[in-house]
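Participant: Below: sequence and its predicted model.
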Amino acid sequence: MILVTGGAGFIGSHIVDKLIENNYDVIILDNLTTGNKNNINPKAEFINADIRDKDLDKKINFKDIEVVIHQAAQINVRSSVENPIYDGDINVLGTTNILEFMRKYDINKIIFASSVGVYGEPNYLPVDENHPINPLSPYGLSKYVGEEYIKLYNRLYGIEYAILRYSNVYGERQDPKGEAGVISIFIDKMLKNENPIIFGDGNQTRDFVYVGDVAKANIMALNWKNETVNIGTGKETSVNKLFNIIKNEIGFKGNAIYDKPREGEVYRIYLDIKKAESLGWEPEVDLKEGIKRVVNWMKNINR
Ligand SMILES: O=c1ccn([C@@H]2O[C@H](COP(=O)(O)OP(=O)(O)O[C@H]3O[C@H](CO)[C@H](O)[C@H](O)[C@H]3O)[C@@H](O)[C@H]2O)c(=O)[nH]1
């Protein structure tokens, strides 16, 4: 039995679907603050509770669980700056709470959703796993502290881990309002025939990885032992280029509106994914194909 925290969320729900496809038994733990009931795979058991809940073992039968895939988190970078205590409460103490139940009930493996946000402004590109850790937000720091708690529990209690540092994940079910993913925001705007806003000159770059590929990495990580691994594409895409790809896919006739650059964000970043490749994982869905899928999905849900 696998416990997926955040299994009703954007990334977590795709992981649950893939686990079920591969015949695993799944329990979802989600408090539906940002997760969505509609994302819940009906073949999974669903527990509506918070990862900070000290009585979780009254709600979940931890004795049945072999692996925890920990995706539940406060995921908004900008709100972590506004409210670092809330961010730390969920991302640090929530993670520690889950680890405590793992210790208590002898659960031997955790797969953890970490983030490109731990690195901060790159010293070199592409960023590999040995790059210095210099987060620029409480979110980046809380993800890193989560990683370190997991490594501590490995040293103290032998709990095995796979830490996956995701780059910018996009795909179906990413909420254009809630989760601040530029791809879903641009698609949503263009489908409404509104002009997307580009912050700064649009030459800033990111590494956009498709959610299905991220889900696949989590399934493969069931066999990775004590590894910290970048999950991205190793490709750098500017916001301007992204705008044009989406514009062509939708046939949008308007232009972008250029606004002030967003403060406190990195300019260029993309990940070195050699380590993931050496472990047998590689991204399969390229940006154009992934965008096509999100456009189709958004056309069907909203309008
Ligand atoms: O309307 C928008 C939204 C974003 N951007 C730009 O697009 C780039 C990407 O922005 P996102 O908000 O999509 O993502 P971030 O790079 O800020 O990344 C953060 O948000 C991501 C959400 O997909 C992940 O959580 C990731 O871990 C976290 O660092 C940035 O340069 C941003 O300025 C725009 O130009 N216009």
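Facilitator: Sure, I can see it.
Participant: The protein against the ligand: which residues are in contact?
Facilitator: Those residues of the chain that sit near the ligand, judged by C-beta under 6 Å from any ligand atom, are 75, 77, 115-117, 168-169, 179-182, 185, 196-199, 204, 206, 239, 262, 265. Just so you know, the C-beta spots here come from the backbone N, C-alpha and C atoms, and that holds for glycine as well.
Participant: Might you specify the subset of these located within helices?
Facilitator: Using DSSP state H, the members of the residues of the chain next to the ligand that fall within helices are 77, 182, 185, 239.
Participant: Tell me the one among those nearest to the ligand.
Facilitator: V182 (3.5 Å; C-beta to the nearest ligand atom).
Participant: Could you measure from that closest one over to P261?
Facilitator: Relative to P261, V182 is positioned 14 Å away (C-beta to C-beta, to the nearest Å).
Participant: Show me which of those two is the more surrounded one.
Facilitator: Taking neighbours as other C-beta atoms under 10 Å, V182 and P261 compare with V182 leading, 20 against 14.
Participant: check contacts around the more buried one.
Facilitator: Residues near V182 by C-beta atoms under 8 Å, 6 or more residues apart in numbering: 168, 206, 239, 242.
Participant: Ok, I198 next?
Facilitator: The contact partners of I198, by C-beta under 8 Å, 6+ apart, come to 239-240, 243, 256-259.
Participant: Isn't T34 up against I75?
Facilitator: Yes. T34 is in contact with I75 according to C-beta atoms under 8 Å; the separation is 7.0 Å.
Participant: Between the two, which has more neighbouring residues?
Facilitator: Set T34 next to I75 and count neighbours by other C-beta under 10 Å: I75 wins out with 26 against 18.
Participant: returning to what we had before: among the ones in helices among the residues of the chain next to the ligand, the buried ones, what's the PyMOL command?
Facilitator: For the buried members of these, the matching PyMOL selection, counting by 16 or more other C-beta atoms under 10 Å, is:
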select buried, resi 77+182+185+239
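Participant: which of the contacts of V182 lies closest to L29?
Facilitator: L29 lies nearest to N168 out of these, by C-beta to C-beta, at 25.2 Å.
Participant: Check what pLDDT the closest one gets.
Facilitator: On pLDDT, N168 comes in at 98.
Participant: Wait, it touches F208, no?
Facilitator: Yes. Judged on C-beta under 8 Å, N168 makes contact with F208 at a distance of 5.0 Å.
Participant: Look at those two and report which has more neighbours.
Facilitator: Taking neighbours as other C-beta under 10 Å, N168 and F208 compare with F208 leading, 26 against 20.
Participant: Please name the residues that touch the more buried one.
Facilitator: The contact partners of F208, by C-beta under 8 Å, 6+ apart, come to 167-170, 183, 233, 237, 242, 287, 290.
Participant: now the ones in helices among the residues of the chain next to the ligand as TSV including distance to T95?
Facilitator: What follows is those, written out as TSV (distance: C-beta to C-beta, whole Å):
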residue	distance to T95
V77	17
V182	27
I185	28
V239	31
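Participant: which secondary structure elements does the one helix or strand I111 maps to contact?
Facilitator: Here I111 sits within strand 109-115, counting by DSSP states H and E. Where contact means 3 or more C-beta pairs under 8 Å, 6 or more residues apart in numbering; DSSP states H and E, strand 109-115 is packed against strand 67-70, helix 94-104, helix 138-157, strand 160-166.
Participant: nearest spatial neighbour of F46, skipping sequence neighbours?
Facilitator: If the residues on either side of it in the chain are set aside, F46 comes closest to I28, at 4.9 Å by C-beta to C-beta, 6 or more residues apart in numbering.
Participant: Kindly provide the distance from the one you found to I2.
Facilitator: 10 Å.
Participant: E236 too?
Facilitator: 34 Å.
Participant: out of the two, which sits in the more crowded spot?
Facilitator: It is I2, of E236 and I2, that has more neighbours when counted by other C-beta under 10 Å, with 25 against 17.
Participant: Next up, phi/psi of the more buried one, please.
Facilitator: phi -110, psi 130 (degrees, to the nearest 10).
Participant: okay, how far is it across stretch 244-257, tip to tip?
Facilitator: By C-alpha to C-alpha, to the nearest Å, the extent of stretch 244-257 from end to end equals 13 Å.
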